[in-house]
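Participant: this is a predicted model, with the sequence first.
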Amino acid sequence: MSQITVQCRLVASESTRQQLWQLMAEKNTPLINELLLQVNQHPDFETWRQKGKHPTIVVKELCQPLKTDPRFIGQPGRFYTSAIAVVNYIYKSWFALMKRIQSQLDGKMRWLEMLNSDAELVEHSGVPLDVIRTTATEILIQFTPQTDTVEPQTAKRKKPKKTKNLDSERNLSKNLFDAYGNTEDLLTRCAISYLLKNGCKVSEKEEDPQKFAQRRRKVEIQIQRLTEQLTARIPKGRDLTDTKWSETLFTATQTVPETEIEAKSWQNSLLKKSSKVPFPVAYETNEDLVWFKNQFGRICVKFSGLSEHTFQIYCDSRQLHWFQRFFEDQQVKRNSKNQHSSSLFTLRSGRIAWQEGEGKGEEWKLNRLILSCCVETRLWTAEGTNQVKVEKAEEIAKTITQTRAKGELNEKQQAHIIRKNSSLARINNPFPRPSKPLYRGQSHILVGVSLGLEKPVTVAVVDGSTNKVITYRSIQQLLGDNYKLLNRQRQQKHALSHQRQIAQRLAAPNQFGESELGQYIDRLLAKEIIAIAQTYKAGSIVLPKLGDMREQVQSEIQAKAEQKSDIIEVQKKYAKQYRVSVHQWSYGRLIANIQSQAAKAEIVIEESKQPIRGSPQEKAKELATNAYQSRKA
């Protein structure tokens, strides 16, 4: 990732803010809500849901007749384009999420079907456990590569030194799953099930029924939670007027729920804190934003479709240089009479959004106006700009070659080639950029970053070619003298939780704002991780995929709670105490900070699935090792 997002506050006159709020809240957001509803009601919706994606052209077609609808007319053209982009983004994410959850659910249900205790395997197969173990050993030898002379491991044999090929282990597990589905022989199936539940090994230990029951229950909990997520409601937009909330409240007070599920849905709807600000407006073309300075030397911006309004930029010193660069890029292009290409602007796109404020008053006065800008970090330096220039020049040359290969060209195609040649000429006219040597890391050195409950961050620097760890770093080592801030942040979390609990009992407002201490710690951790990567000349930083981490953690906590007691109230109390006892952390925010810092340092970010079992150090090492091995796949 070489792109990051920078933010600033937009300051404008009260009349400008009022007009923009009315456009976004009374026109654009209702338009997006209508498009979300129409996509949901489309005849092919279920087909898209199964595929995990939808054709983006459909949203554009649905929006076309709405442009003449009295409810939505009067918006700038860019607002309609933004609405289409927002709806496509929402449903792209939602369809992909549903497909991933369905895939996880299918896998968990298949595994639950295969997961049987030793006693159940003996009963199903009709043979003693020793026969199952013998068959499992034969299957293991059959699927082991011929070059591997190591005997099948048992629980009593000493494990060989870990110089084994991780790809072979993953392939063995996959091959066993495939073999289970392809055979009808009951004994073979039971033997494969025995191998898979024991980590593809033949164990000579007696199975602990209590631990197996806990393991099976954990899978059942995961299936239940995935099923609930799969039946979750589809995107319905934002209700800025609280109409739906009022309707639900009226229904809940006037009607008796028929089922517990219905009552729970009403409760969730009433307790959910809905967004009070309209959807953002996206400007996906960098020339839709016009930068200039006012008479006081402050950087200002105007937007396409809102050119009569002027917005002043307010930001901190850490981000001011980016907005100064946006202004300079456009100045260079204007002064050169359009001889430079906007495709080499450091700014790539922008987005106007409202940020919720506190208190009472008119919305455009109460809420803050924010501009988020996506920037290409490589375009900050001359060396990075040259990299981007070469990539774009190759892409344009390829397009021209493909067009000319069609033979005799019509006027439209010839005009297209002329435009591309003109773009190619402007790309070769460089912007003035400071010089900075490009970072050159060693591809076989990786920094694995594992995340956890009790220890939020652990780092392992790994040499992928030898599978050896160069060094480890705990969170205490990463923070150094600032480690005390971690305990302070934890204490603040507990204090806020206690205040929220008291407020809930008194039916008082319980949405307490938090300090930015957690975000500050994230920045310190990200800075130190980048410094470690640079010290050891790492080629990449490997971060865990967090898609199903919450589900794994929740299932683990609930399974532990059920082992403590059969009483539901006791289970809930234990689970709550356990969550409070460990660090509450925003892993997504931490990863975003690492990605942002890595982009500035030009260090590649990779992703890998974090193992469930093992120490934090082992998980960090496994992350890096798996990422290195996956490159060869």
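Facilitator: The structure has been received and is ready for your questions. Numbers count the residues shown, from 1 in each chain.

Participant: drop to CA atoms for contacts and neighbour counts, all remaining ones
Facilitator: Noted.

Participant: okay, now residue 231: neighbour count?
Facilitator: Other residues near residue 231 come to 9 when the count uses other Cα atoms under 10 Å.

Participant: for stretch 103-119, buried residues please.
Facilitator: 104, 105, 108, 111, 114, 115, 116, 117, 118 (16 or more other Cα atoms under 10 Å).

Participant: same check on stretch 528-539?
Facilitator: Buried residues in stretch 528-539, counted by 16+ other Cα under 10 Å: 528, 529, 530, 532, 533, 534, 536, 537, 538, 539.

Participant: likewise for stretch 337-354?
Facilitator: Applying 16+ other Cα under 10 Å to stretch 337-354 flags 339-354 as buried.

Participant: contacts only, for residue 376.
Facilitator: 2, 3, 4, 346, 347, 348 (Cα atoms under 8 Å, 6 or more residues apart in numbering).

Participant: CSV please, covering the residues you listed and showing pLDDT, distance to residue 524 and secondary structure.
Facilitator: Below are these laid out as CSV (pLDDT from 0 to 100; distance: Cα to Cα, whole Å; DSSP: H, G, I helix; E, B strand; the rest coil):
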residue, pLDDT, distance to residue 524, secondary structure
2, 79, 20, coil
3, 87, 20, strand
4, 89, 18, strand
346, 93, 26, coil
347, 94, 26, strand
348, 93, 27, strand
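
Participant: show me where the stretch 151-300 of the chain has strands.
Facilitator: With strands called from DSSP state E, counting those that start in this stretch, the stretch 151-300 of the chain shows them at 281-283, 289-293, 299-303.

Participant: helix or strand right after the one helix or strand residue 526 maps to?
Facilitator: Element membership of residue 526 [criterion: DSSP states H and E] is helix 517-535. Going down the chain from helix 517-535, the next helix or strand is strand 538-544, by DSSP H and E.

Participant: ok now that following strand, how far from the chain's centre?
Facilitator: Centroid separation between strand 538-544 and its chain, computed with Cα atoms, centre = their mean, to the nearest Å, is 16 Å.

Participant: and the average pLDDT for it is what?
Facilitator: If you average the pLDDT over strand 538-544, you get 93.

Participant: what angle sits between the strand or helix carrying residue 328 and strand 289-293?
Facilitator: Assigned by DSSP H and E, residue 328 belongs to helix 317-335. Counting by axes from the mean of the first three to the mean of the last three Cα atoms, to 10 degrees, helix 317-335 points 100 degrees away from the direction of strand 289-293.

Participant: helix 317-335 vs strand 299-303, what angle?
Facilitator: Using the same axes, to 10 degrees: helix 317-335 against strand 299-303 is 60 degrees.

Participant: which helices and strands sit right next to helix 317-335?
Facilitator: strand 3-11, strand 289-293, strand 299-303 (3 or more Cα pairs under 8 Å, 6 or more residues apart in numbering; DSSP states H and E).

Participant: which one of those lies nearest to residue 37?
Facilitator: strand 299-303 (28.8 Å; Cα to Cα).

Participant: and the closest one with strand 3-11, angle?
Facilitator: Using the same axes, to 10 degrees, strand 299-303 lies at 100 degrees relative to strand 3-11.

Participant: other residues contacting strand 299-303?
Facilitator: Taking Cα under 8 Å, 6+ apart as the rule, strand 299-303 contacts 288-294, 308-313, 323-324, 327.

Participant: partners of the following helix or strand past that strand, with directions?
Facilitator: Using DSSP H and E, the helix or strand that follows strand 299-303 in sequence is strand 311-314. Strand pairing for strand 311-314, using DSSP bridges, gives strand 3-11 (antiparallel), strand 299-303 (antiparallel).

Participant: output those strands in JSON lines; the columns should cover distance to residue 71 and mean neighbour count.
Facilitator: Shown next, in JSON lines, are these (distance: least, Cα to Cα, whole Å; neighbours: other Cα atoms under 10 Å):
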{"stretch": "strand 3-11", "distance to residue 71": "28", "mean neighbour count": "18"}
{"stretch": "strand 299-303", "distance to residue 71": "23", "mean neighbour count": "19"}
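
Participant: tell me which of those strands sits nearest to residue 246.
Facilitator: Among the strands paired with strand 311-314, if distance is taken as Cα to Cα, the winner is strand 3-11, at 33.0 Å.

Participant: from the chain's centre, how far out does the closest one sit?
Facilitator: For strand 3-11, the distance to the chain centre is 20 Å (Cα atoms, centre = their mean).

Participant: and stretch 260-273, by the same measure?
Facilitator: Per Cα atoms, centre = their mean, the centroid offset for stretch 260-273 relative to its chain is 27 Å.

Participant: buried residues in it?
Facilitator: 266, 270.

Participant: quick one: contacts of it?
Facilitator: 245, 248, 249, 252, 257.

Participant: low-confidence ranges in the stretch 451-600 of the chain?
Facilitator: 498, 504, 506-515, 547-560, 568, 576-585 (pLDDT under 70).

Participant: can you check the stretch 101-250 of the chain too?
Facilitator: In the stretch 101-250 of the chain, residues with pLDDT under 70: 145-170.
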